[in-house]
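Novice: structure of the sequence below:
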Amino acid sequence: MTDVTSAPSVPVHQSLPASDPAGWPSRKRTAYGWTIAVMLLVLMMISWADKAILGIVAVPLMEDLGITPAQFGLLGSGVFILFGVAQFVAAPIANRVKAKWILLVLCIVWSVAQLPVFLFASLPALWISRILLGAGEGPLAPIIMHAVYKWFPARRSATPAALASAGVTLGIVAFAPVIAWVVAEFGWKNAFIFVAALGVVWSVLWFFIGKEGPYTSVEAERQIEGTAGATADAPIATDKRVKYIRSFLTPSWLLAVLCSFLGYWTFTVAMTWLPAYFENVMGASTQQGGSMIALPAIWGAIATVGLSWVTQVLGNKGMATRFSRGLVLGVASVFSGGMVVLGTLADGPTGALIFFTFGFGTAPALFAVTYLVCAETTSVAQRGANLQITNAFLTAGGLFAPAVVGALVGNAVTPAAGYEQSFLLTGGMLLAAGVIACFGINQQRDRKRLGLDAN
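Specialist: Below is the predicted model of the structure:
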C-alpha cells in the first residue's frame, strides 16, 4: 500500500467557538483536563467510601441487628446484584449521552441510596440500600475512564486515567478513618448520612465544573494536535467499527478481564471482610479495624498510579502495548495474588498485615491497566460501550466474593480457619490468572485480526 503523507493540519482553534475545548490553547485544555481528572478522582473516592462503609460497620451492625456471617456475606454481595445489569443498560447510553450528565445522575442516585439505612435501620432496609447503591455505582468506572480519555491524546491518557482510578483506594485512605470515627462517636447509622452528604456536595460542584473533552475520535485527536496520519487509510483502519462479540472473544480481552475479575474479587474481600478479620482474629477495635483497612488502600493508590505510569513510560519508549500494558498487568496480578497467599501463611500478625497490605492493595491497581488493554480491542467510537460491558464482567467478582467468604467463615470450625481458607482461595486464583495473562495477552495480534491496525 502506498503511503500518502499529508501536510500538518490547520489548528482547529482558528474556526471553533471559544466554548469548544478543541479550540482552546493546548495549555488551557490540558489544565482543564487535569481539573476534570481530579473531580473524577474525588467521585471515585466517594464511590468506594460508599462500598467500604459496610465492612467498617460490620461488627456493630451484626451485633445490633442480629445478622450472622452468612447473612452479612450475602448482604455484601447485594450491592452487585444490579451492578452489572446497570452497566449493560448504560452501555448504549454511554456512546450517546454526555458523560457529565450520566455521572451527575449516578452520584445523586447512590447518595439517595444511603437514606433507607438511616431511616429504618433493618436488614430489609440494608438490602434496599445496597441494591440501589449498586445500580447507581455500576456504570461509574468505565464512564469515568471514557470521560478522562476525552480530555487527553492517547499517548498521554494513561497517567490522568490512573489518577482518577486511584480513587478506588484513596477513597478508603481518606474516608475509612473518618467513617470509623463517626461510627465510634455517633453510631453506625450516622456513617451512612455522612457518605450521602459527600455525594450531594460533589454533585453541586460537578454541575458547574463538568464538561466534555474534545478527543472523541482518532481523527479529532489528529486535528487538535495538528498532526497528519502516516497513511491515508490509517484513520479509517483505526476508527473501524467492530462487532462487540469479536472484541470480547479476543484472548487479550478475556485474560485482562479475568485478571481484574479476580482483582475485584480480592479487593471486595478486603473491603467487606478484612475489618472484621482485624477485629475477630487480630483483636482490634472497630475504630482500629476501620483505620487499618487504610493500609492496603494507601499502597493501592501508589500502585495504581505507579503501574499506569510504568505503562506510559514504556509505551513512550516505543515498547509494544502487549508488553507495556499486557505483561505489566500479568506480573502485577501474580504479585498481588502471591502476597495474599503469603499473608495467609505468615506466622504473626505483623507479617500478615505487611503481606496483606501489598496483596490486597495491589488488586485495585489492575483495573486501570485492564481498561487500557480492553480499550485497544475496539474503535474509539465504540469505546464507551465496550468499557461498560468490560466493567460489568470484571466487577462481577464483587458479586460472588463476599457471599463465598461469608459461607466459608460461617461453616468453618473457627472464624480464623474460615478466613484462612477464603484468603488462600482468593490469592491462589489471582496468582494463576496472572501467570496465564503474562503469556496470553497480545493486543497487536488481536488488533490485526479485528482490522483495527492497517499494517
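Novice: pull the contacting residues for residue 29.
Specialist: 21-22, 151, 214, 224 (CB atoms under 8 Å, 6 or more residues apart in numbering). The way it works is simple: take the backbone N, C-alpha and C, and place the C-beta from them, glycine included.
Novice: got the CA coordinates for stretch 321-331 in PDB?
Specialist: Extracted C-alpha coordinates of stretch 321-331, given in PDB (Å, rounded to 0.1, in the frame of the first residue of the first chain):
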ATOM      1  CA  THR A 321       1.500  -2.500  24.400                       C
ATOM      2  CA  ARG A 322       1.500  -6.300  24.600                       C
ATOM      3  CA  PHE A 323       4.500  -5.700  26.900                       C
ATOM      4  CA  SER A 324       3.900  -2.200  28.300                       C
ATOM      5  CA  ARG A 325       0.300  -3.000  29.300                       C
ATOM      6  CA  GLY A 326      -0.400  -6.700  28.900                       C
ATOM      7  CA  LEU A 327       2.800  -8.000  30.600                       C
ATOM      8  CA  VAL A 328       2.600  -5.400  33.300                       C
ATOM      9  CA  LEU A 329      -1.000  -6.500  34.100                       C
ATOM     10  CA  GLY A 330       0.000 -10.100  34.300                       C
ATOM     11  CA  VAL A 331       3.000  -9.600  36.500                       C
END
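Novice: give the buried residues for it.
Specialist: 321-330 (16 or more other CB atoms under 10 Å).
Novice: let me have these in TSV, adding distance to residue 292, pLDDT and secondary structure as columns.
Specialist: Formatted as TSV, those follow (distance: CB to CB, whole Å; pLDDT from 0 to 100; DSSP: H, G, I helix; E, B strand; the rest coil):
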residue	distance to residue 292	pLDDT	secondary structure
321	37	94	helix
322	38	95	helix
323	36	96	helix
324	34	95	helix
325	32	95	helix
326	34	97	helix
327	33	97	helix
328	29	97	helix
329	28	98	helix
330	29	98	helix
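Novice: take the residues you listed and lay them out in JSON lines including distance to residue 110.
Specialist: Putting the buried residues of stretch 321-331 into JSON lines (distance: CB to CB, whole Å) gives the following:
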{"residue": "321", "distance to residue 110": "33"}
{"residue": "322", "distance to residue 110": "37"}
{"residue": "323", "distance to residue 110": "38"}
{"residue": "324", "distance to residue 110": "34"}
{"residue": "325", "distance to residue 110": "30"}
{"residue": "326", "distance to residue 110": "33"}
{"residue": "327", "distance to residue 110": "35"}
{"residue": "328", "distance to residue 110": "31"}
{"residue": "329", "distance to residue 110": "28"}
{"residue": "330", "distance to residue 110": "33"}
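Novice: and of the residues you listed, the nearest to residue 73?
Specialist: residue 329 (28.6 Å; CB to CB).
Novice: hmm, back to that, can you tell me which of the contacts of residue 29 is nearest residue 353?
Specialist: Using CB to CB, the contacts of residue 29 come closest to residue 353 at residue 151, 38.2 Å.
Novice: mind listing residues that contact the helix or strand hosting residue 63?
Specialist: Counting by DSSP states H and E, the element that carries residue 63 is helix 58-65. With CB under 8 Å, 6+ apart as the test, helix 58-65 has contacts from 54, 67-69, 72, 121-123, 126, 183, 187-188, 272-273, 275-276, 279-280, 286, 289.
Novice: any low-confidence regions in the stretch 101-250 of the chain?
Specialist: 227-239 (pLDDT under 70).
Novice: could I get the CA-only coordinates of stretch 273-287 as PDB?
Specialist: Extracted as PDB, the C-alpha positions of stretch 273-287 are listed here (Å, rounded to 0.1, in the frame of the first residue of the first chain):
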ATOM      1  CA  TRP A 273     -14.200  -8.800  55.500                       C
ATOM      2  CA  LEU A 274     -10.800  -7.500  56.400                       C
ATOM      3  CA  PRO A 275     -12.000  -5.100  59.100                       C
ATOM      4  CA  ALA A 276     -14.000  -7.900  60.700                       C
ATOM      5  CA  TYR A 277     -10.800 -10.100  60.400                       C
ATOM      6  CA  PHE A 278      -8.800  -7.400  62.100                       C
ATOM      7  CA  GLU A 279     -11.400  -7.400  65.000                       C
ATOM      8  CA  ASN A 280     -12.200 -11.000  65.300                       C
ATOM      9  CA  VAL A 281      -8.800 -12.600  64.700                       C
ATOM     10  CA  MET A 282      -6.300  -9.900  65.400                       C
ATOM     11  CA  GLY A 283      -8.200  -8.400  68.400                       C
ATOM     12  CA  ALA A 284      -8.500  -4.800  67.000                       C
ATOM     13  CA  SER A 285     -11.300  -2.500  68.000                       C
ATOM     14  CA  THR A 286     -13.900  -1.300  65.400                       C
ATOM     15  CA  GLN A 287     -12.100   2.100  65.000                       C
END
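Novice: sorry, back to before: list only buried entries from the contacts of helix 58-65.
Specialist: Buried, going by 16+ other CB under 10 Å: 54, 67, 69, 72, 121, 126, 183, 188, 272-273, 275-276, 279-280, 286, 289, out of the contacts of helix 58-65.
Novice: can you list which of these are found in strands?
Specialist: The members of the buried ones among the contacts of helix 58-65 all map outside strands under DSSP state E.
Novice: tell me which of those is nearest to residue 202?
Specialist: Of the buried ones among the contacts of helix 58-65, the one sitting nearest to residue 202 (CB to CB) turns out to be residue 54, at 20.3 Å.
Novice: residue contacts, that closest one?
Specialist: 61, 75-76, 79, 130, 271-272.
Novice: ok, back up a step: from the buried ones among the contacts of helix 58-65, which is closest to residue 335?
Specialist: Of these, the one sitting nearest to residue 335 (CB to CB) turns out to be residue 273, at 21.3 Å.
Novice: list the contacts of the closest one.
Specialist: Taking CB under 8 Å, 6+ apart as the test, what residue 273 contacts is 55, 58, 73, 76, 402, 405-406, 409, 419, 422.
Novice: any chance of the residues you listed in a markdown table, plus neighbour count, pLDDT and distance to residue 341?
Specialist: As requested, these are exported to a markdown table (neighbours: other CB atoms under 10 Å; pLDDT from 0 to 100; distance: CB to CB, whole Å):
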| residue | neighbour count | pLDDT | distance to residue 341 |
| --- | --- | --- | --- |
| 55 | 28 | 87 | 21 |
| 58 | 27 | 87 | 24 |
| 73 | 24 | 89 | 21 |
| 76 | 26 | 86 | 22 |
| 402 | 26 | 89 | 20 |
| 405 | 29 | 92 | 15 |
| 406 | 24 | 90 | 21 |
| 409 | 26 | 91 | 18 |
| 419 | 22 | 93 | 13 |
| 422 | 23 | 96 | 12 |
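Novice: want to try JSON lines for those residues, with distance to residue 349 as columns?
Specialist: Shown next, in JSON lines, are the contacts of residue 273 (distance: CB to CB, whole Å):
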{"residue": "55", "distance to residue 349": "19"}
{"residue": "58", "distance to residue 349": "19"}
{"residue": "73", "distance to residue 349": "23"}
{"residue": "76", "distance to residue 349": "24"}
{"residue": "402", "distance to residue 349": "23"}
{"residue": "405", "distance to residue 349": "19"}
{"residue": "406", "distance to residue 349": "23"}
{"residue": "409", "distance to residue 349": "18"}
{"residue": "419", "distance to residue 349": "13"}
{"residue": "422", "distance to residue 349": "17"}
